[in-house]
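Asks: sequence first, then the predicted structure, then my questions.
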Amino acid sequence: MNEMDKDIFKIQSNDILPSRGKVLISEPFLCDDIFSRSVILLVDHSADGSMGLVMNKQMPIYVNEVVKEFKYLEDIPLYKGGPIGVDTLFYLHTYADIPGSLQVAKGLYLNGDFNSIKKQMLQNGDYKGRIRFFIGYSGWEETQLNQEIEDNTWIIGKEEIKNLLSTETENMWKEVLCNQGNKYKAWARFPLIPLMN
């Protein structure tokens, strides 16, 4: 095996520190129901821990089934944000004027007054690609995420994160991985279960 082959699965981008607004991309061998082939947006990162939302794990139900005011809107997908707080609805959006929302990155916000969100969506009808809803979130204690990054579990991606709201999720992991450069394009082609190849 030559030097290039030995380093093919070594992550090279992880001299970047995790922070709010960064994207985590799981390495191809991560075997976990929620985190396998996942793209996670970090919505908070501090010395006390980290919080993120899995962007590409669509659930078999729609927001319209949960929020009665959305009953007559076109189906709005609901995503599994992670294994923690699965009784809580979270939402990422691009509406700058929602009271109480947390700015995650330029032009991207987390939560805020839900009545204002509903009003925006119902009155303007311009919600496609502007908001994504999640049940639950992903969390890491203190140095846990830094350790997982050191262990090559996650790539810290270079993404236009607002685009994540409008990106189709079925192939999101592959597309986001390919955007990281040539080496990672090979990763994107790697089978989920190598023995099945």
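Replies: Nice, I can see it. Numbering: from 1, shown residues only.

Asks: in the chain, what helix or strand scores lowest on average pLDDT?
Replies: Among the helices and strands of the chain, helix 3-6 carries the lowest confidence by mean pLDDT, DSSP states H and E, at a mean of 49.

Asks: which is the next helix or strand following it?
Replies: strand 23-26 (DSSP states H and E).

Asks: pairing partners for the next helix or strand after that next one, with directions?
Replies: Where DSSP H and E defines the elements, the next helix or strand beyond strand 23-26 is strand 39-46. According to DSSP bridges, strand 39-46 forms sheet pairs with strand 23-26 (antiparallel), strand 49-54 (antiparallel).

Asks: how about the ones you listed, which one is nearest residue 39?
Replies: strand 23-26 (5.7 Å; C-beta to C-beta). Any C-beta I mention is one placed from the backbone N, CA and C, and that applies to glycine too.

Asks: OK, contacts around residue 79?
Replies: Counting by C-beta atoms under 8 Å, 6 or more residues apart in numbering, residue 79 touches 53, 54, 55, 56, 57, 58, 59, 132, 133, 134, 135, 169.

Asks: now the strands paired with strand 39-46 in JSON lines, with mean pLDDT?
Replies: Output for those, formatted as JSON lines (pLDDT from 0 to 100):
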{"stretch": "strand 23-26", "mean pLDDT": "94"}
{"stretch": "strand 49-54", "mean pLDDT": "96"}
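
Asks: and these: which comes nearest residue 107?
Replies: strand 23-26 (15.1 Å).

Asks: okay, that closest one in PDB with CA atoms only?
Replies: Taking C-alpha atoms only, strand 23-26 is exported to PDB below (Å, rounded to 0.1, in the frame of the first residue of the first chain):
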ATOM      1  CA  VAL A  23     -21.000  21.800   9.400                       C
ATOM      2  CA  LEU A  24     -20.000  18.300  10.500                       C
ATOM      3  CA  ILE A  25     -19.900  15.500   8.000                       C
ATOM      4  CA  SER A  26     -19.700  12.000   9.200                       C
END
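
Asks: and the contacts of residue 79, which of them are in helices?
Replies: Secondary structure from DSSP state H places none of the contacts of residue 79 in helices.

Asks: okay, the residues you listed in JSON lines with distance to residue 94 and neighbour count next?
Replies: Shown next, in JSON lines, are the contacts of residue 79 (distance: C-beta to C-beta, whole Å; neighbours: other C-beta atoms under 10 Å):
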{"residue": "53", "distance to residue 94": "15", "neighbour count": "26"}
{"residue": "54", "distance to residue 94": "19", "neighbour count": "23"}
{"residue": "55", "distance to residue 94": "14", "neighbour count": "26"}
{"residue": "56", "distance to residue 94": "18", "neighbour count": "20"}
{"residue": "57", "distance to residue 94": "21", "neighbour count": "22"}
{"residue": "58", "distance to residue 94": "20", "neighbour count": "15"}
{"residue": "59", "distance to residue 94": "22", "neighbour count": "15"}
{"residue": "132", "distance to residue 94": "10", "neighbour count": "25"}
{"residue": "133", "distance to residue 94": "14", "neighbour count": "22"}
{"residue": "134", "distance to residue 94": "15", "neighbour count": "26"}
{"residue": "135", "distance to residue 94": "21", "neighbour count": "19"}
{"residue": "169", "distance to residue 94": "17", "neighbour count": "17"}
